[in-house]
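A.B. asks: Just a sequence and a predicted model for now, questions to come.
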Amino acid sequence: MNKKDLSESDIKAKFITPAILNSGWDEQTQLGREIFFTDGRIYVKGKLTARGKRKFADYILFYKPNVPIAIIEAKDNKHSVRGGIQQALGYGNTLDIPFVFSSNGDGFYFHDKTVTEGEIEKEISLEEFPSPLELWTKYKRYKGIESPEIEEIVSQDYFQDGSGRSPRYYQQNAVNRTIEAVAKKQQRIILVMATGTGKTYTAFQIIYRLWKSGAKKRILFLADRTALIDQTARGDFRHFKDALTIIKKKKIDTAYNVYLALYQGLSDSNGDDAYKQFSREFFDLVIIDECHRGSAKDDSKWREILEYFNTATHIGLTATPKETTEVSNTEYFGEPIYTYSLKQGIDDGFLAPYKVVKVTLDIDAEGWRPPSGFLDKDGNPVEDRIYNRTDFDKNIVVEERRKIVAAKITEFLKGYDRFAKTIVFCIDIEHAEGMRSALANANADLFAENSKYIMQITGDNEEGKRELDNFINPTETYPVIATTSKLMTTGVDAQTCKLIVLDSNIGSMTEFKQIIGRGTRINEEYGKTYFTIMDFRNVTNLFADPDFDGDPVMIKDVGEDEDLSGTEEETTETPIIDVDGEEVDFPERPEYPEITGGGEIVEGPRAKIRVDGVRVKIVNERVQYLGTDGKIITESLRDYTKNSVTKHYKTLDEFLNSWNNAEKKKAIVNELEEQGVFFDALQDEVGAAFDPFDLICHVAFESKPLTRKERADNVKKRNYFTKYGEQAQKVLQSLLDKYAQDGLITIESTEVLKLDPLNKLGTPMELVNAFGGKPQYIKAIKELEKELYKTGA
């Protein structure tokens with residue numbers, strides 16, 4: 001047997017797995033093989049989506065279930081023993097695993113992260129692979145697990161309900177780090193996890209393991225919205241069964257172990273503090289959900305409760321830690337013990353990517369000054385000053401503005417899906433009420449069929465609040481559109497929300513991230529794989545803030561007469577490349593099958609000026625882009641493109657040389673995209689009839705561009721392919737037509753032979769054979785490319 005002839009699978013079966021098992025690892029409980037730990041990023045192309053490749057580890061070794069301590073990357077024997085170490089190190093960092101191995105079947109290459117000086121990497125034989133006890137002993141020393149009491153806590157089993165559900169890798173990281181910190185007597189801990197990544201499930205596993213190990217006996221879970229408490233009790237916390245209670249109406253019963261409570265239910269401004277019915281030492285663990293909203297403020301009621309139970313361990317959960325001159329999560333909790341960001345969630349495929357459509361109204365951009373003697377709807381003169389975006393719907397109501405916002409939302413939905421769950425974020429309750437009316441008028445046909453098509457869901461509206469559960473329930477059709485102010489900014493698990501409309505002046509990064517989080521959940525069963533943000537207030541300028549970490553897949557500003565109904569169909573000819581360097585294949589579009597608090601309730605009627613008869617229109621045809629560094633590009637698209645290209649290709653000759661010598665032109669296009677060249681945007685500005693070659697030559701090097709049709713016609717005029725047989729000539733003629741229509745990237749792939757009109761000429765095999773075989777066909781394609789670009793630049 002020649003080892004070099006064996007596949008990677010054979011190497012694992014014959015050499016690596018036996019070596020692991022011979023070292024004492026249990027095959028059933030400690031050895032995990034080909035463990036996928038991401039879902040594969042969702043890529044978006046128009047309305048189509050496709051999953052990228054999932055990441056997986058060849059082997060993960062667990063001391064106990066969900067306590068991983070070693071990872072092994074396997075390679076076939078054509079690689080060296082250390083051939084997989086860099087890949088394994090990357091995975092080890094992601095998965096929080098300190099012991100990293102690579103193997104080709106000859107031995108193991110061992111990277112030990114616990115080593116601080118001396119030999120951090122070494123090669124060992126198959127027989128020297130360390131036992132579970134050896135690695136666990138090193139792990140404990142590395143993690144500071146110095147006593148049997150600490151070890152008992154950190155090795156406590158996770159909850160298993162027999163369904164096969166297990167924590168995702170980042171939840172596992174968060175739980176394990178928290179358990180270790182609590183076991184080592186750390187009293188204040190904060191976990192930062194993006195909305196939609198399962199903070200409540202993570203909290204449940206933390207509580208369960210600490211409770212079962214005896215480290216914590218009485219636990220208080222604090223939230224500030226009834227909806228959050230109800231969702232928690234109905235969800236993962238139901239497994240606590242009789243040990244769980246919800247504190248209601250300030251009635252205290254000390255017979256339970258796990259307590260869910262609204263902080264409003266434990267305290268009020270009248271000094272009726274129900275939490276003082278407990279002794280100060282009653283709780284030994286307090287978990288604060290959405291801790292950015294209250295506990296960070298020194299004078300908040302949350303802080304009073306936390307200070308009362310100051311002997312307990314305090315764990316804060318948030319997607320958006322708050323840091324201002326007045327408010328600080330870090331000052332109270334310290335630095336996050338673990339962070340899982342929106343960007344990581346999108347990259348891993350656990351959160352939905354999103355597009356942005358920016359709509360700028362003239363009175364928002366330029367302001368509005370009432371003409372002399374202008375009267376409001378009550379007949380009163382309107383103060384003579386310039387009203388701007390911050391005034392509209394807060395101090396002054398321009399009825400025409402609301403109508404055009406409603407019309408644009410409706411126009412978008414008509415071109416996308418009129419039953420796509422939509423949340424419209426408004427300035428306040430009155431604005432939400434007004435937008436409900438404007439949207440009802442704009443969608444009179446569907447509103448007439450069911451009056452719950454559009455609902456106002458705000459803190460003061462009982463009918464609307466009763467419909468919140470139906471709105472977030474994927475199986476319920478109605479309500480479709482919810483207008484709101486503050487009630488739905490956090491904690492609402494809207495799995496199928498596909499459109500978020502921003503018509504509120506949001507200046508806080510914390511609130512912005514929370515609102516974005518309403519759309520990030522994925523529900524593939526109901527066709528929710530991405531969402532769109534429609535921005536009427538320029539709120540998405542916050543994407544340029546360094547504190548924002550999850551960039552959109554598209555940002556589009558619409559012009560005065562631009563129809564939004566086809567926005568979701570927009571796509572680009574340039575291919576989308578997955579993490580492994582392969583092009584993402586997009587399938588054909590599938591067919592898919594009581595509350596309190598929240599809202600800005602105004603004491604007495606707010607004195608808003610109401611006017612009509614104001615002409616409002618959409619302006620601004622500028623398109624914004626995100627650069628490769630995640631920042632919004634402010635220079636012109638042409639200047640930005642020229643600068644990006646000339647950094648890589650100093651002269652036109654250098655570019656031409658690289659283009660002509662490339663095995664596949666697609667590689668050059670991909671490379672330029674990575675440098676920050678936006679070909680789809682360039683086609684919008686310069687012309688959709690030009691291919692990437694002419695766009696670059698024209699914009700970066702000021703050469704006259706030729707359209708794809710002009711290039712194809714030039715080749716036909718030269719009639720160079722008379723040397724081929726009749727069938728081969730028909731294929732080349734059709735390929736030229738295909739190039740003129742779709743571009744070079746399409747004809748470089750043999751898949752083009754399956755497409756119309758080439759598929760009418762014969763099967764792919766027959767068409768290739770018309771050239772004498774595949775090598776001759778590929779040679780003919782390369783000659784065709786040379787002919788296409790002969791008259792270039």
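C.D. replies: Structure received.
A.B. asks: so where's the stretch 451-600 of the chain shaky on pLDDT?
C.D. replies: The model of the stretch 451-600 of the chain has pLDDT under 70 over residues 487-493, 543-600.
A.B. asks: which residues of it fall in strands?
C.D. replies: Remark: strands assigned in the stretch 451-600 of the chain by DSSP state E, counting those that start in this stretch are 454-456, 481-484, 497-502, 531-535, 554-558.
A.B. asks: again with the stretch 601-750 of the chain
C.D. replies: Under DSSP E, counting those that start in this stretch, the stretch 601-750 of the chain gives strands at 609-611, 618-619.
A.B. asks: Least reliable of the ones you listed by average pLDDT, please.
C.D. replies: When those are compared by mean pLDDT, strand 618-619 comes last with a mean of 65.
A.B. asks: Now do the contacts for T320.
C.D. replies: V192, H292, M509, T510, K513, Q514 (CB atoms under 8 Å, 6 or more residues apart in numbering). For glycine as for every other residue, the C-beta is placed from the backbone atoms N, C-alpha and C.
A.B. asks: Please report how far the third one lies from I515.
C.D. replies: As judged by CB to CB, to the nearest Å, M509 and I515 stand 11 Å apart.
A.B. asks: Deepest-packed of the strands of the stretch 451-600 of the chain, please.
C.D. replies: strand 481-484 (a mean of 30; mean count of other CB atoms under 10 Å).
A.B. asks: okay but Q495 is in contact with P474, surely?
C.D. replies: Yes. Applying CB atoms under 8 Å, one finds Q495 in contact with P474, separated by 5.5 Å.
A.B. asks: anything in contact with each of those two?
C.D. replies: N523, Y526, K528.
A.B. asks: Now do the contacts for the first one.
C.D. replies: Contacts of N523 were listed using CB under 8 Å, 6+ apart, and they are P474, Q495, T496.
A.B. asks: Excluding chain neighbours, what is closest to the spatially most central residue of the chain?
C.D. replies: Nearest residue to the geometric centre of the chain (CA atoms, centre = their mean): I346, 3.0 Å. In this structure, I346 finds its nearest non-sequential neighbour in P353, 5.2 Å apart by CB to CB, 6 or more residues apart in numbering.
A.B. asks: Can you report how many residues neighbour I778?
C.D. replies: Here the count is done by other CB atoms under 10 Å, and I778 has 15 residues near it.
A.B. asks: Measure how buried L361 is and give me the count.
C.D. replies: Using other CB under 10 Å, L361 has 23 neighbouring residues.
A.B. asks: Quick check: phi and psi on it?
C.D. replies: phi -100, psi 150 (degrees, to the nearest 10).
A.B. asks: That one and V669, how far apart?
C.D. replies: Distance from L361 to V669, by CB to CB: 37 Å.
A.B. asks: how much space is there between E281 and N257?
C.D. replies: Note on E281: its distance to N257, by CB to CB, is 15 Å.
A.B. asks: Give me the more crowded residue out of these two.
C.D. replies: N257 (15 against 11).
A.B. asks: Quick one: residues contacting the more buried one.
C.D. replies: Here N257 is in contact with W211, K217, R218, I219, F240, A243, L244 (criterion: CB under 8 Å, 6+ apart).
A.B. asks: Now do the contacts for the second one.
C.D. replies: It refers to K217. With the criterion set at CB under 8 Å, 6+ apart, K217 makes contact with W211, N257, D284.
A.B. asks: tell me which element it falls in.
C.D. replies: Counting by DSSP states H and E, no helix or strand carries K217.
A.B. asks: how close does it get to D284?
C.D. replies: Counting by CB to CB - K217 and D284 are separated by 6 Å.
A.B. asks: got it, and the fourth one?
C.D. replies: Using CB to CB, one gets 8 Å for the distance from I219 to D284.
A.B. asks: okay, these two: which has more neighbours?
C.D. replies: I219 (27 against 17).
A.B. asks: which ones are touching the spatially closest residue to the more buried one that is not a sequence neighbour?
C.D. replies: Spatial nearest neighbour of I219, chain neighbours left out: L285 (4.5 Å); criterion: CB to CB, 6+ apart. L285 makes contact with V182, I207, L210, K216, R218, I219, L220, A312, T313, I315 under the criterion CB under 8 Å, 6+ apart.
A.B. asks: ditto for A662
C.D. replies: I668.
A.B. asks: Would you agree G415 falls within a strand?
C.D. replies: No. Using DSSP: H, G, I helix; E, B strand; the rest coil, the assignment for G415 is helix, not a strand.
A.B. asks: what about it, neighbour count?
C.D. replies: 16.
A.B. asks: which stretches of the stretch 51-200 of the chain form helices?
C.D. replies: Ranges of helices within the stretch 51-200 of the chain are 85-95, 132-143, 148-154, 169-183, 199-212, based on DSSP state H, counting those that start in this stretch.
A.B. asks: Turn those helices into TSV, columns for distance to C426, mean pLDDT and mean neighbour count.
C.D. replies: Below are those laid out as TSV (distance: least, CB to CB, whole Å; pLDDT from 0 to 100; neighbours: other CB atoms under 10 Å):
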stretch	distance to C426	mean pLDDT	mean neighbour count
helix 85-95	40	94	18
helix 132-143	49	94	17
helix 148-154	47	92	16
helix 169-183	34	95	23
helix 199-212	27	94	22
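A.B. asks: Distance-wise, check A243 relative to I85.
C.D. replies: For A243, the distance to I85 - CB to CB - is 46 Å.
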